[in-house]
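K.L.:
below is the sequence, then the predicted model.
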Amino acid sequence: MDLQARIFVAGHRGLVGSAIKRTLEAQGFERILVRDRGELDLLNQEAVARFFAQEQPEYVFMAAAKVGGILANSQYPADFLYQNLVIQTNVIHAAHLFGVKKLLFLGSSCIYPKFAPQPIREQYLLSGELEPTNEPYALAKIAGIKMCEAYNRQYGSNFLAVMPTNLYGPNDNFDLESSHVLPALLRKFHEAAIHKAPSVEVWGTGKPKREFLYVDDLADACVYLMKFFDQRDTAPFVNIGTGEDVEIRELASLIKRIVGYQGEIVFRSDKPDGTPRKWLDVSRMARLGWNASTTLEAGIQQTYDWYRKQHLIVRP
Ligand SMILES: NC(=O)C1=CN([C@@H]2O[C@H](COP(=O)(O)OP(=O)(O)OC[C@H]3O[C@@H](n4cnc5c(N)ncnc54)[C@H](OP(=O)(O)O)[C@@H]3O)[C@@H](O)[C@H]2O)C=CC1
Ligand SMILES: C[C@H]1O[C@H](OP(=O)(O)OP(=O)(O)OC[C@H]2O[C@@H](n3cnc4c(=O)[nH]c(N)nc43)[C@H](O)[C@@H]2O)[C@@H](O)[C@@H](O)C1=O
C-alpha cells in the first residue's frame, strides 16, 4: 500500500473509522476517500456501485455498520440484522466488481458461541449457540466473514476479516441507551460526580468479564494487516484484543477512580448480563507480529480527557 494509494474508509466518522483515518493520516497516506451517510448511504446498492465506479478505491477499510451496546441490540434486532447484512453486502460485492486490491472487514468477538471455551480461538466460530441479546448482529457479522472467504475462494479476492474485542476511545457513542458499557460508565460517573449524586447504576450483576481494546491500537493493527499481510497469511480471519479481561465491577471501580467520583455503585441485576465472558486468544495476531500497547487505565484516561474536551467540561 503506497502513500498515493486510494483508500476508502467506510464509516470514517465512527469510533473505528475515525481512528483508522487518523492512523493513515499520521503515516502519510494522502488519498483517503471518505463519504458521510448523507453523501453516500451504504444501504443503497446503486449508489455504492456508482461511488466505486467513480472513485476506484484500491483498498477498503469496512468500518461502517449498525453498532450498539447490549440494550440497543436487544431492542432493535431487525435493524441490526438488516442494516449490517445490506451495508456489508453492498460494499464487499462492489469491492469485487471494481477490482479492489484488498479489503478489511470488521467483525466482532460476539460472533463466537455464548459459552465458548476461554480464551476464544478463531476456530471456535460456529461451534455452539450464540448469545441471544446480540444474535442478529452476530449472524450478520458471520455472514460478512463467510462472504469474504467465499469471494477469496471463488474469485481470488484478497479480503481480510478481523474480530476485535470490545473497543473504546475518542468518537465513541456516549448515548446511555445505545452505547457500550465503557463510554456509558464514563458518562454516568462523570455526571454523578458533577451533580454529587449518591450512587451510580451499573447494569447486570457486575460479574461478566469483558476485554477492552483502545481504538487507536485496533486501528494500528488494521493498518498493519492491510500493509503487510494478505488473506493467505491470516486465513480465514484473526482476533484482535489485549489478551486480558476484567469483570464489569472492576471496570466500574477503575472508571470511578479515574473520574474521581466519591459515591456508591449500585448493580441493577434486573438488567441483562449478556455473554458471561469473551476473552480472545490473540496468539495468531501475536505470531503476525502485532500486540496491543495501551493499558486499560491509560486508554480510559485518554478517552476521558477527549470526552471532557468535547463537552468543554472541567474536572468535577
Ligand atoms: N465498538 C465496538 O466495541 C466494536 C466495534 N466493532 C466493529 O467495528 C466497526 C465499526 O464500529 P464503531 O466504529 O464502533 O461504530 P460507530 O457506530 O461508531 O460507527 C459506525 C459508522 O458507520 C456509519 N454508517 C452506519 N450506517 C451507515 C449507512 N447506511 N451509510 C453510511 N454510513 C453508515 C456511521 O455513520 P453515521 O456517523 O452517519 O452514523 C458511522 O460512521 C463495526 O463493524 C463494528 O461491528 C467490532 C467490535 C467491537
Ligand atoms: C462489542 C459488543 O458489544 C455488545 O455486547 P456486550 O459486550 O454485552 O455489550 P455492552 O458493552 O453493552 O455490555 C457489556 C456488559 O456491561 C454491562 N453494563 C453495565 N452497565 C452498563 C451500561 O450502563 N451500559 C451498557 N451498555 N452496558 C452496561 C452489561 O450489562 C454487560 O454485562 C454487543 O453489542 C455485541 O454485539 C458486541 O459486538
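P.N.:
Yes, it's here. Ligands and ions are numbered 1, 2, ... in the order given.
K.L.:
now do the lowest-mean-pLDDT helix or strand in the chain: distance to the chain's middle.
P.N.:
The weakest-scoring helix or strand in the chain, judged by mean pLDDT, DSSP states H and E, is helix 231-234 (a mean of 83). Centroid separation for helix 231-234 versus its chain: 21 Å, with CA atoms, centre = their mean, to the nearest Å.
K.L.:
what's it packed up against?
P.N.:
strand 159-164 (3 or more CB pairs under 8 Å, 6 or more residues apart in numbering; DSSP states H and E). In short, each C-beta sits where N, CA and C put it, glycine included.
K.L.:
quick one: is the helix or strand just after the strand it packs on near ligand 2?
P.N.:
The element immediately downstream of strand 159-164 (helix or strand, assigned by DSSP states H and E) is strand 166-168. Yes - applying CB under 6 Å from any ligand atom, one finds strand 166-168 in contact with ligand 2 at Asn166.
K.L.:
what's in contact with strand 166-168?
P.N.:
15-16, 109, 180-183, 210-215, 218, 299-300, 303 (CB atoms under 8 Å, 6 or more residues apart in numbering).
K.L.:
quick revisit: got the contact list for the next helix or strand after the least confident helix or strand of the chain?
P.N.:
Counting by DSSP H and E, the next helix or strand C-terminal to helix 231-234 is strand 238-240. Strand 238-240 has contacts (CB under 8 Å, 6+ apart) with 109, 120-122, 160-165, 213, 218, 221-222, 225, 280-282, 284-285, 288, 292.
K.L.:
restricted to helices, list those.
P.N.:
By the criterion of DSSP state H, membership of the contacts of strand 238-240 in helices covers Leu218, Ala221, Cys222, Leu225, Arg284, Met285.
K.L.:
kindly reformat the residues you listed as JSON lines containing distance to ligand 2.
P.N.:
Shown next, in JSON lines, are those (distance: CB to the nearest ligand atom, whole Å):
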{"residue": "Leu218", "distance to ligand 2": "12"}
{"residue": "Ala221", "distance to ligand 2": "16"}
{"residue": "Cys222", "distance to ligand 2": "16"}
{"residue": "Leu225", "distance to ligand 2": "19"}
{"residue": "Arg284", "distance to ligand 2": "19"}
{"residue": "Met285", "distance to ligand 2": "17"}
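K.L.:
please pick the buried ones from those.
P.N.:
Neighbour counting over those (16 or more other CB atoms under 10 Å) leaves Leu218, Ala221, Cys222, Leu225, Arg284, Met285 as the buried ones.
K.L.:
my read: the fifth one touches Glu122, true?
P.N.:
Spelled out, that is Arg284. Yes - with contact defined as CB atoms under 8 Å, Arg284 reaches Glu122; the gap is 6.2 Å.
K.L.:
show me where this protein has strands.
P.N.:
Along the chain, counting by DSSP state E, strands occupy 6-10, 31-33, 59-62, 102-106, 159-164, 166-168, 199-203, 209-210, 212-214, 238-240, 246-247, 264-268.
K.L.:
which of those strands sits most buried?
P.N.:
Among these, strand 59-62 has the highest mean neighbour count (mean count of other CB atoms under 10 Å), at a mean of 27.
K.L.:
what mean pLDDT does that strand have?
P.N.:
Mean pLDDT, strand 59-62: 98.
K.L.:
also stretch 143-162?
P.N.:
Mean pLDDT, stretch 143-162: 97.
K.L.:
with stretch 173-191 instead?
P.N.:
The pLDDT scores in stretch 173-191 average 97.
K.L.:
touching ligand 1 at all, it?
P.N.:
Yes - judged by CB under 6 Å from any ligand atom, stretch 173-191 comes into contact with ligand 1 through Asn173, His180.
K.L.:
do the same with stretch 200-211
P.N.:
No - remark: stretch 200-211 sits outside contact range of ligand 1, by CB under 6 Å from any ligand atom, the gap being at least 9.6 Å.
K.L.:
who's in contact with that stretch?
P.N.:
The contact list for stretch 200-211 (CB under 8 Å, 6+ apart) reads 70-71, 109, 165-166, 181, 185, 188-189, 192, 241-249, 251-252, 256, 261, 263-269, 271-280.
K.L.:
take those residues and, keeping just the buried ones, write it as a ChimeraX select command.
P.N.:
Filtering these down to the buried ones (16+ other CB under 10 Å) takes a single ChimeraX command:
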select :70,71,109,165,166,181,185,188,189,192,241,242,243,244,245,248,249,251,252,256,261,265,267,272,273,274,275,277,278,279,280
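K.L.:
I'd like the ones in helices among the contacts of strand 238-240 written out as TSV, with distance to ligand 1 and pLDDT added.
P.N.:
Output for the ones in helices among the contacts of strand 238-240, formatted as TSV (distance: CB to the nearest ligand atom, whole Å; pLDDT from 0 to 100):
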residue	distance to ligand 1	pLDDT
Leu218	8	98
Ala221	12	98
Cys222	10	98
Leu225	14	97
Arg284	17	96
Met285	14	97
